[in-house]
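# next comes the sequence, and after it the predicted model I'd like to discuss.
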Amino acid sequence: MTVPDRFWFLFSAYGAIWTLLALYLVRLGRRHRALEREIEELRTRIGRDRSS
């Protein structure tokens, strides 16, 4: 293996890690928004139940 070959693997590994991290953060953000919507819906239901 020559030095440029090693760098190619290094850059590929960094690229894969950053891609996986970005995908994980996108997924985490979507789940967070879904949970916020669900919490808001539950708060609305609790408010309606108390007033009836």
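Now that the structure is in, tell me what you want to look at. Numbering: from 1, shown residues only.

# quick one: the helices in this structure?
Along the chain, the stretches classed as helices by DSSP state H are 3-51.

# so, low pLDDT: which residues of it?
Along the chain, the model assigns pLDDT under 70 to residues 1-3, 51-52.

# kindly recompute the last result at 50.
In the predicted model of the chain, no residue satisfies pLDDT under 50.

# how much space between F9 and L20?
16 Å (CB to CB, to the nearest Å). (Each C-beta comes from the backbone N, C-alpha and C, glycine too.)

# try R45
With the distance defined as CB to CB, R45 ends up 37 Å from L20.

# just W8 next, same as before
Distance of W8 to L20, given as CB to CB: 19 Å.

# and E38, by the same measure?
Taking CB to CB as the criterion, E38 is separated from L20 by 27 Å.

# now swap in Y14 and tell me
When distance is defined by CB to CB, Y14 is 11 Å away from L20.

# having no further points to raise, I will conclude here.
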